[in-house]
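Chemist: Sequence plus the predicted model coming up.
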Amino acid sequence: MKIDALIADNEMRRRDERFATQVVHHTAMAPLHSKSTPLKPDAGGVFNASAITYDAAARTCGPCPLRARCIRDPDATPVRSVMFLRGKTAPLPPTHTARMKVRIDSPEGRARYAERFGAVEPVFGNLCYNKGLTRFTLRSQRKVDGQWKLYCLVYNIEKLARSGYAA
């Protein structure tokens, strides 16, 4: 459909210096509530080495007299696994996420992404932080839809009241 999408990754704000002070505004979350995963190292630009992997058979590795010298923890490791690297190959082609990171980190990408803040995101921020809609309390699609529409109705009524429509 030739849509020129601009989608931020999870670490976009960590790379953007404009959000360097955002940590000051975060409240500490209960450790059991956090659904985030630990950060993974970026694999961009790393060469892919092709390799051959050899796993010993349990029937030969188990009774081997050299097992204690061959394996670091013989009680926890069932068999010896060895990988033979065949050398470096060409760099991996960039992933869709890596290409999107380059686009969004460019000056044009940052300017385009900044336009989102004036359109939709304040509504979700208001509903989440000011109205407390961090999760739906009802079950079934019909009930959740009704709860969502109720919160949106309250938001729109407040906008009308602030604009002087009621007067």
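Modeler: Looks like it came in fine. Numbering: from 1, shown residues only.

Chemist: If you count residues, where's the longest strand of the chain?
Modeler: Looking across the chain with DSSP state E, the single longest strand is strand 81-91.

Chemist: May I see the buried residues of that strand?
Modeler: Buried residues in strand 81-91, counted by 16 or more other C-beta atoms under 10 Å: none are found. Every C-beta, even on glycine, is put in place using the N, C-alpha and C of the backbone.

Chemist: going forward, begin numbering at 29 instead of 1
Modeler: Got it, the first residue is 29 from now on, which makes the last one we talked about strand 109-119.

Chemist: and it, what's its mean pLDDT?
Modeler: The average pLDDT for strand 109-119 rounds to 75.

Chemist: Which secondary structure elements does it sit against?
Modeler: With contacts defined as 3 or more C-beta pairs under 8 Å, 6 or more residues apart in numbering; DSSP states H and E, strand 109-119 has these neighbours: strand 75-83.

Chemist: tell me the mean pLDDT for the strand it packs on?
Modeler: For strand 75-83, mean pLDDT rounds to 69.

Chemist: what number of residues lie near R100?
Modeler: The number of residues packed near R100 is 7, by other C-beta atoms under 10 Å.

Chemist: Figure out the helix or strand that it lives in.
Modeler: Under the criterion DSSP states H and E, no helix or strand holds R100.

Chemist: Pull up the gap between it and N184, please.
Modeler: Counting by C-beta to C-beta, to the nearest Å, the separation of R100 from N184 is 64 Å.

Chemist: Over to R127?
Modeler: Distance, R127 to N184, by C-beta to C-beta: 38 Å.

Chemist: Find the residue ranges of the chain scoring beneath the pLDDT cut-off.
Modeler: 51-78, 117, 145-148, 194-195 (pLDDT under 70).

Chemist: Tell me which residue of it is furthest from the middle?
Modeler: Computed with C-alpha atoms, centre = their mean, the residue of the chain farthest from its C-alpha average is P93, at 47.0 Å.

Chemist: Can you check my assumption that that residue lies in a helix?
Modeler: No. Read with DSSP: H, G, I helix; E, B strand; the rest coil, P93 is coil and lies in no helix.

Chemist: check contacts around it.
Modeler: Neighbour list for P93: empty [criterion: C-beta atoms under 8 Å, 6 or more residues apart in numbering].

Chemist: Buried ones in the longest helix along the chain, by neighbour count?
Modeler: Identified as the longest helix of the chain according to DSSP state H is helix 169-190. Applying a neighbour-count criterion of 16+ other C-beta under 10 Å, the buried positions in helix 169-190 are 179, 183.
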